[in-house]
Structures are given as C-alpha cells and as structure tokens.
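# Below: sequence and its predicted model.
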Amino acid sequence: MTDASNQIEGAPLIKPSNYEHPLFDAVVDACRSVFDPEIPVNIYDLGLIYTIEISGENEVHIIMTLTAPGCPVAGDMPGWLVDAISPVPGVKHVTVDITWDPPWGMDMMSDEARLELGFM
C-alpha cells in the first residue's frame, strides 16, 4: 500500500546507514569535519547526512540534504564531503547525492548541535 507520496507504507523515509561496517565511525568523523558556512555546526550533527552506505568493496555513498534548496553552497558541499571522506584509510571511492525528501528540519539536529546553537 502506498500513501500520497508513493512511499511504501512502513518504509523508512531515509535509507538506513551501514552502522556495522568497520569504516562507519571513521566516515562519520570525516563528515563532522565539514561545516555549513552559515551555521557554526558540522553537517553531520546538523542532521544533513541522511545515509552513509558503505559497500563490501569500501565504496562510500552519502545521501544528504541541505538546510534550504537555495543554499548558496549547494554546488560545493558535496565536493567538500568527497574531499573529507576520500582520505579515510580503506575508503576506495566516494559519491554524494543530495535529496530534498524528506526536507531538513531543526528536529534532525543532534543534541550537541542544539546545545551549540542555544536551542537547549
């Protein structure tokens, strides 16, 4: 059964990450080294990284969003992420896709990001 957005009922809106992959924590650390230039918090804790998918061949595929479709660094940020993750030992290749579904919201921020921005 599908709803109005053609999502399969019960399917997650965000594709799950490979939390168990041995490179996952190092990739997350690399993501945390990239900052949104307009907000003094890294893009991982802002909740802009939706999925970290790592293949058996250590190819990393990131699905991310931006705080707004008109973000002035929309064309640059995926490259920043590739540049941050590519040097991680063991990573073979990195691709980054931007999605707008679901749209980013402040509820996606980590507690650390909320604290840093004064929301807690």
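All right, it came through fine. Numbers count the residues shown, from 1 in each chain.

# which parts of stretch 110-120 are buried?
Using 16 or more other CB atoms under 10 Å as the test for burial, stretch 110-120 gives A113, E116. All C-beta spots, glycine's among them, are computed from the backbone N, C-alpha and C.

# So which residues lie in contact with it, not counting its own?
Residues from elsewhere that reach stretch 110-120 (CB atoms under 8 Å, 6 or more residues apart in numbering): I39, P40, V41, Y44, D45, L46, G47, M106, M109.

# I'd say the last one and G47 touch.
What it means is M109. Yes - the pair M109 and G47 qualifies as a contact (CB atoms under 8 Å) at a distance of 5.0 Å.

# Could I get the full set of helices for this protein?
Secondary structure of the chain (DSSP state H): helices located at 24-31, 77-85, 111-116.

# will you turn the ones you listed into CSV that also has distance to G70 and mean pLDDT?
As requested, those are exported to CSV (distance: least, CB to CB, whole Å; pLDDT from 0 to 100):
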stretch, distance to G70, mean pLDDT
helix 24-31, 23, 97
helix 77-85, 13, 96
helix 111-116, 21, 87
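
# just curious, which of the contacts of stretch 110-120 is nearest to V91?
Y44 (16.0 Å; CB to CB).

# how many neighbours does the closest residue to that closest one other than its chain neighbours have?
Counting by CB to CB, 6 or more residues apart in numbering, Y44 lies nearest to C31, which is 4.1 Å off, once chain neighbours are set aside. When neighbours are counted by other CB atoms under 10 Å, C31 registers 21.

# One more: M64?
Neighbours around M64, by other CB under 10 Å: 22.

# so what's it up against?
Contacts of M64 by CB under 8 Å, 6+ apart are I43, L48, I49, Y50, M77, P78, L81, V96, D97, I98, T99.

# Of these, which belong to strands?
Cross-referencing the contacts of M64 against strands under DSSP state E gives I49, Y50, V96, D97, I98.

# Just confirm the first one contacts C31, I think it does.
Yep, that's I49 we're talking about. Yes - contact criterion CB under 8 Å: I49 and C31 qualify, at 5.4 Å.

# No further questions, thank you.
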